[in-house]
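Enquirer: sequence? don't have it. structure:
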């Protein structure tokens, strides 16, 4: 636990606490009344209300649209099932900036719906809600569907033999078993939408603002650190509550269910109803998950001279009229890949050690350590990025001019995924195998190399791939610390979208398409390593 604790203390707790303390320290002393005064301002209450209700609405809409997909992938066996599972997961690893850009191309001014029917949704909250469903569809499908596939179908069949109808049997047998998993998925979706930044920043405009966007505005635009600090505390309290509830539900799920091999629970679709459900899920995936990326690609090729690669060629040039970059935008591709590889190495090292520590020990201390590892997913990435700038500026940690600053910030987002992927597999390793190796004279390091590593190699590759994908798309912290001469892909896309002009818009679509292609390729490759058996974890 020493290395992960030290890493989080230096690169997470210290920057966040420093930026909050600086914001609350006023006139040579502390001013506790500032917290109450700021939190009760009408404009702040409005931001908090919108953040909460849009997260609740996004969660409800995601559950409504994704649960049929969870059932189809869990209980129906059909050609293309593995491909469909990969397709529904791709949106989750896409950077939020790409998601925002894709929906802007679909529902924004000059988008596909605007061109065809004159319909614009970018000025309404529906664009944000649909983008959140697009992003979180896989959370429900993989979390609930993974558990659903392991529930013994004979229990529901026994209820039907005793006279219960199909709906009554599902409501009385399957739903109670799924309830903890449903609640866990809902809490995760709520967490991601409550802290939404990139999607709201692009689609919300000046009308809709979440806590995360307001923290960025107060910090970067208005330089109002006291208000940003109070907003950070409010978000931290909300996220801490959500994570505590999530941890409790996960423990209940692990203790309450006896699971079976998912290979024996899926069957070919039976009857018109199941075929209709399969078709409906396919249509939903096509309309909701495939249409936005497809429109994004189409807009990147739609130039004033017709379809072509003009916008892609423009990425290799520096705008001589004082554009958004000091270098050709295409250099952001190489920068992002280099940063993501370094962040992946850090994430796998720190996250692997953390998962090993959680496997070998138990108790309240370790449960608190587990919750600590999840906090970067909920605490404001904007606060983390700005905290890096004001804390890591003195020896021995003067990193403001170092390239390693960006991978360190990205690794904070990747580590929770490494832990969540590796932990179930490490817990499944029989302790007696390690003991047998020790009895035969193997050192702890050799026992790990000969026993654990062969069993967890596949999970390690999947964890590294997820860490790479999420690091590649990290935006909230990177937007503060990426230098103008070394932009990352998400930062480059956001800068181009923030500037007027058809060329800037086309280049943004082209860069977003490249970023989407890299993330999708990484995930489709990972799907080849996914075990046939699943523990019900995302």
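Expert: In hand now; what should we look at? Computed from a prediction, not measured in an experiment: that's the story for all the values here. Residues are numbered from 1 along each chain as shown.

Enquirer: Quick check: residue 34 touching residue 24?
Expert: Yes - counting by C-beta atoms under 8 Å, residue 24 is a contact partner of residue 34 at 6.3 Å. Every residue, glycine included, has its C-beta placed from N, CA and C.

Enquirer: hey, what's in contact with both of these two?
Expert: Common contacts of residue 34 and residue 24 (C-beta atoms under 8 Å, 6 or more residues apart in numbering): 226, 230.

Enquirer: Can you report the mean pLDDT over the residues of the helix or strand hosting residue 445?
Expert: Using DSSP states H and E, residue 445 sits in helix 444-447. For helix 444-447, mean pLDDT is 83.

Enquirer: Stretch 160-175 too?
Expert: For stretch 160-175, the per-residue pLDDT averages 81.

Enquirer: if we can go back for a sec, and the helix holding residue 445, what does it pack onto?
Expert: Where contact means 3 or more C-beta pairs under 8 Å, 6 or more residues apart in numbering; DSSP states H and E, helix 444-447 is packed against helix 431-439.

Enquirer: Would you mark the buried spots in the helix it packs on?
Expert: By neighbour count on 16 or more other C-beta atoms under 10 Å, the buried set for helix 431-439 is 434, 437.

Enquirer: Show residues contacting it.
Expert: Residues contacting helix 431-439 (C-beta under 8 Å, 6+ apart): 444, 446-447, 450-452.

Enquirer: what do you get for stretch 289-309?
Expert: Taking C-beta under 8 Å, 6+ apart as the rule, stretch 289-309 contacts 87-88, 90-91, 94, 98-99, 101-103, 105-106, 111-112, 134, 137, 310-312, 502, 505-506, 509-510, 512-513, 516.

Enquirer: got the buried residues for stretch 384-394?
Expert: Buried residues in stretch 384-394 (16+ other C-beta under 10 Å): 384-388, 391-392.

Enquirer: related to what we said a few turns ago, can you redo the contacts of helix 431-439 as CSV with neighbour count?
Expert: Compiled in CSV, those are given as follows (neighbours: other C-beta atoms under 10 Å):
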residue, neighbour count
444, 10
446, 13
447, 19
450, 14
451, 20
452, 19
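
Enquirer: Relative to residue 143, which of those residues is nearest.
Expert: residue 452 (25.7 Å; C-beta to C-beta).

Enquirer: That closest one contacts residue 425, doesn't it?
Expert: No - the criterion here is C-beta under 8 Å, and residue 452 misses it with residue 425 at 9.4 Å.

Enquirer: one step back: what's the following helix or strand after the helix holding residue 445?
Expert: Counting by DSSP H and E, what follows helix 444-447 is helix 453-472.

Enquirer: Report all helices and strands that that following helix contacts.
Expert: Helix 453-472 makes packing contacts with helix 81-93, helix 331-360, helix 405-428, helix 502-527 when contacts are defined by 3+ C-beta pairs under 8 Å, 6+ apart.

Enquirer: next helix or strand past that helix?
Expert: As assigned by DSSP H and E, the chain's next helix or strand after helix 453-472 is helix 478-481.

Enquirer: residues in contact with that next one?
Expert: By C-beta under 8 Å, 6+ apart, the surrounding residues in contact with helix 478-481 are 216, 220, 382, 385-386, 388-389, 405-406, 409-410, 488, 490-491, 494.

Enquirer: Give me the buried stretch members for stretch 465-483, please.
Expert: 465-482.

Enquirer: ugh, wrong one, I meant stretch 340-353
Expert: Using 16+ other C-beta under 10 Å as the test for burial, stretch 340-353 gives 340, 342-344, 346-353.

Enquirer: Would you format those as a markdown table with distance to residue 237 included?
Expert: Below are the buried residues of stretch 340-353 laid out as a markdown table (distance: C-beta to C-beta, whole Å):
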| residue | distance to residue 237 |
| --- | --- |
| 340 | 32 |
| 342 | 33 |
| 343 | 28 |
| 344 | 31 |
| 346 | 28 |
| 347 | 27 |
| 348 | 31 |
| 349 | 31 |
| 350 | 26 |
| 351 | 26 |
| 352 | 31 |
| 353 | 29 |
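
Enquirer: want to throw those residues into a markdown table with distance to residue 275 and pLDDT?
Expert: Output for the buried residues of stretch 340-353, formatted as a markdown table (distance: C-beta to C-beta, whole Å; pLDDT from 0 to 100):
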| residue | distance to residue 275 | pLDDT |
| --- | --- | --- |
| 340 | 41 | 91 |
| 342 | 48 | 94 |
| 343 | 44 | 94 |
| 344 | 42 | 94 |
| 346 | 47 | 95 |
| 347 | 42 | 94 |
| 348 | 43 | 93 |
| 349 | 48 | 94 |
| 350 | 47 | 94 |
| 351 | 42 | 92 |
| 352 | 44 | 89 |
| 353 | 48 | 90 |
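
Enquirer: now, which of those sits nearest residue 374?
Expert: So of the buried residues of stretch 340-353, ranked by how close each gets to residue 374 (C-beta to C-beta), first place is residue 351, at 11.5 Å.

Enquirer: Count the residues that sit near residue 60.
Expert: Residue 60 has 14 neighbouring residues, counting by other C-beta atoms under 10 Å.

Enquirer: Can you name the next helix or strand after the helix or strand of the chain with the lowest mean pLDDT?
Expert: When the helices and strands of the chain are scored by mean pLDDT, DSSP states H and E, strand 29-30 comes last with a mean of 64. Next helix or strand after strand 29-30 toward the C-terminus (DSSP H and E): helix 33-39.

Enquirer: Off-centre distance for that next one?
Expert: In terms of C-alpha atoms, centre = their mean, to the nearest Å, the centre of helix 33-39 is set 31 Å apart from its chain centre.

Enquirer: For that helix, buried residues please.
Expert: Buried residues in helix 33-39 (16+ other C-beta under 10 Å): 34, 38.

Enquirer: For that helix, which outside residues touch it?
Expert: In contact with helix 33-39 (C-beta under 8 Å, 6+ apart) are residues 24, 26, 44-45, 226-227, 230-231, 233-234.

Enquirer: Now rank these by neighbours and give me the top one.
Expert: Result: residue 231 is most packed of these (other C-beta under 10 Å), 30 neighbours.

Enquirer: element containing it, please.
Expert: Residue 231 is part of helix 225-256, with elements assigned from DSSP H and E.

Enquirer: what comes into contact with whichever helix or strand comes after that helix?
Expert: Using DSSP H and E, the next helix or strand after helix 225-256 towards the C-terminus is helix 271-284. Helix 271-284 is contacted from outside by 65, 68-69, 71-72, 76, 78, 84, 269, using C-beta under 8 Å, 6+ apart.

Enquirer: Show the contacting residues for residue 59.
Expert: Contact partners of residue 59, counting by C-beta under 8 Å, 6+ apart, are 186, 189-190, 193.

Enquirer: Pick out the most distant pair among those.
Expert: 186 and 193 (10.6 Å).

Enquirer: Mind checking which of the two has more residues around it?
Expert: Taking neighbours as other C-beta under 10 Å, residue 186 and residue 193 compare with residue 193 leading, 28 against 22.

Enquirer: a helix runs through that one, doesn't it?
Expert: Yes - assessed by DSSP: H, G, I helix; E, B strand; the rest coil, residue 193 belongs to a helix.

Enquirer: Report the contact partners of it.
Expert: Contacts for residue 193 (C-beta under 8 Å, 6+ apart) come out as 54-55, 58-59, 132, 136.

Enquirer: ok, back up a step: just checking, which of the contacts of residue 59 belong to helices?
Expert: 186, 189-190, 193 (DSSP state H).

Enquirer: And these, which is closest to residue 525?
Expert: For these, the nearest to residue 525 is residue 189 (25.9 Å; C-beta to C-beta).

Enquirer: from memory that closest one sits against residue 58, does it?
Expert: Yes - assessed by C-beta under 8 Å, residue 189 is found in contact with residue 58 at 6.8 Å.

Enquirer: Could you name every residue contacting both of those two?
Expert: Common neighbours of residue 189 and residue 58 (C-beta under 8 Å, 6+ apart) are 132, 136.
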